[in-house]
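S.K.: I would like to see how this sequence folds:
(one chain, ligands or ions: 1)
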Amino acid sequence: MNILDTIIARKKIEVAEQKNAGLLSAIQQQTHPLYSLKDALRSSSTGIIAEFKRKSPSKGWIFPDADVSTIPAGYASEGATGLSILTDEYFFGGSLNDLQQARALVKLPVLRKDFIIDPYQIQIAKAAGADVVLLIAAALSISECKMLASEAHALGLEVLLEIHEKSEFDYIHSNVDIVGVNNRNLKTFVTDVETSFRLGAAIPEEYIKISESGISDPHTVKELRQAGFRGFLMGETFMKEVNPDLALARFIHSLK
Ligand SMILES: O=P(O)(O)OC[C@@H](O)[C@@H](O)c1c[nH]c2ccccc12
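M.R.: Alright, predicted model coming up:
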């Protein structure tokens with residue numbers, strides 16, 4: 001079993017437990033007008049989506065005691081276009097509480113970063129205050145992906161579809177708002193920014209496209225922009241620093 005299969009197997013159990021425990025009805029519902037990531041990316045000059053992530057299966061612990069009451073707000077004040085908040089606990093050290101806290105502190109589009117396989121997780125994302133959900137082609141069938149995307153839209157959330165291979169172009173459909181090319185292969189962890197350049201050109205013009213993972217050099221962002229990418233999802237480059245928000249500020253500065 002590759003790591004993605006392991007994560008999904010565990011996720012199925014987690015969602016079943018959450019349903020049994022009635023998690024959705026226990027969440028204090030957040031209501032706010034949607035902060036559209038699509039619109040923010042269209043109008044932003046930097047397009048950095050800054051991620052809050054304590055650990056990952058590929059790197060282990062990055063910042064175990066990272067403080068959610070300061071870092072996302074810091075990202076916002078240093079110029080992030082949107083936030084990505086990991087909510088998977090076992091593999092990424094995140095929580096729904098992280099999402100709720102970040103939501104309460106920032107007025108930016110917030111992505112729930114998790115492995116979504118069930119509409120229940122989208123309802124929870126909405127209740128906890130997310131604006132966008134991630135759907136990973138490699139983790140879903142095309143029909144599951146379509147069903148989950150229409151659930152997200154029914155709740156007024158945007159959909160970020162993540163792809164990594166040409167064969168996953170078939171997942172792109174009308175209920176997708178943003179197409180993300182993950183430079184990291186979730187089955188092998190091999191990260192290569194060339195993936196974005198290779199796949200980017202073939203993504204239909206009407207979709208906003210973003211490049212995800214393994215970005216650490218401002219020069220890469222400039223090149224990706226020239227290739228038509230409007231957003232850049234970056235985690236580790238910031239989270240490996242003592243002050244991730246200041247690392248973002250320096251990165252943005254060097255883009256100018
Ligand atoms: O820390 P990085 O290499 O900058 O990557 C961020 C983000 O792209 C990565 O965390 C990610 C991309 N797709 C995912 C799917 C699930 C979990 C995590 C991810």
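S.K.: show me what the closest residue to the ligand within the stretch 1-150 of the chain is bridged to.
M.R.: With Cβ to the nearest ligand atom as the measure, Glu51 is the residue of the stretch 1-150 of the chain nearest to the ligand, at 5.0 Å. All C-beta spots, glycine's among them, are computed from the backbone N, C-alpha and C. Per DSSP bridges, residues listed as beta-bridge partners of Glu51: Ser84.
S.K.: number of nearby residues for it?
M.R.: 27 (other Cβ atoms under 10 Å).
S.K.: per-residue pLDDT of it, please?
M.R.: Reported pLDDT at Glu51 in the predicted model: 98.
S.K.: residues in contact with it?
M.R.: If you count contacts by Cβ atoms under 8 Å, 6 or more residues apart in numbering, Glu51 has them with Leu83, Ser84, Ile85, Leu86, Lys113, Leu233, Met234, Gly235, Phe238, Met239.
S.K.: swap in Val221?
M.R.: Val221 makes contacts with Gly47, Ile48, Ile215, Phe232, Leu255, as judged by Cβ under 8 Å, 6+ apart.
S.K.: thinking again about what came up before, Serialize the contacts of Glu51 to a markdown table and add fields for pLDDT and neighbour count.
M.R.: Below are those laid out as a markdown table (pLDDT from 0 to 100; neighbours: other Cβ atoms under 10 Å):
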| residue | pLDDT | neighbour count |
| --- | --- | --- |
| Leu83 | 98 | 30 |
| Ser84 | 99 | 26 |
| Ile85 | 99 | 28 |
| Leu86 | 98 | 24 |
| Lys113 | 98 | 28 |
| Leu233 | 98 | 25 |
| Met234 | 98 | 25 |
| Gly235 | 98 | 24 |
| Phe238 | 98 | 29 |
| Met239 | 98 | 22 |
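S.K.: dump the residues you listed to a markdown table, plus distance to the ligand.
M.R.: Supplementary listing: the contacts of Glu51 in a markdown table, determined by distance: Cβ to the nearest ligand atom, whole Å:
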| residue | distance to the ligand |
| --- | --- |
| Leu83 | 12 |
| Ser84 | 7 |
| Ile85 | 11 |
| Leu86 | 7 |
| Lys113 | 6 |
| Leu233 | 4 |
| Met234 | 4 |
| Gly235 | 3 |
| Phe238 | 8 |
| Met239 | 7 |
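S.K.: can you tell me which of the residues you listed are in helices?
M.R.: Within the contacts of Glu51, membership in helices is found for Phe238, Met239, as judged by DSSP state H.
S.K.: of the contacts of Glu51, closest to Glu17?
M.R.: Ranked by distance to Glu17 (Cβ to Cβ), these are led by Leu86 at 18.9 Å.
S.K.: wait, that closest one touches Asn97, no?
M.R.: No - with contact defined as Cβ atoms under 8 Å, Leu86 does not count as touching Asn97 (11.8 Å).
S.K.: helices and strands around the helix or strand where Lys209 lies, which ones?
M.R.: Element membership for Lys209 (DSSP states H and E) is strand 208-212. The criterion is 3 or more Cβ pairs under 8 Å, 6 or more residues apart in numbering; DSSP states H and E, and the helices and strands that strand 208-212 contacts are helix 37-43, strand 178-182, helix 194-200, strand 231-234.
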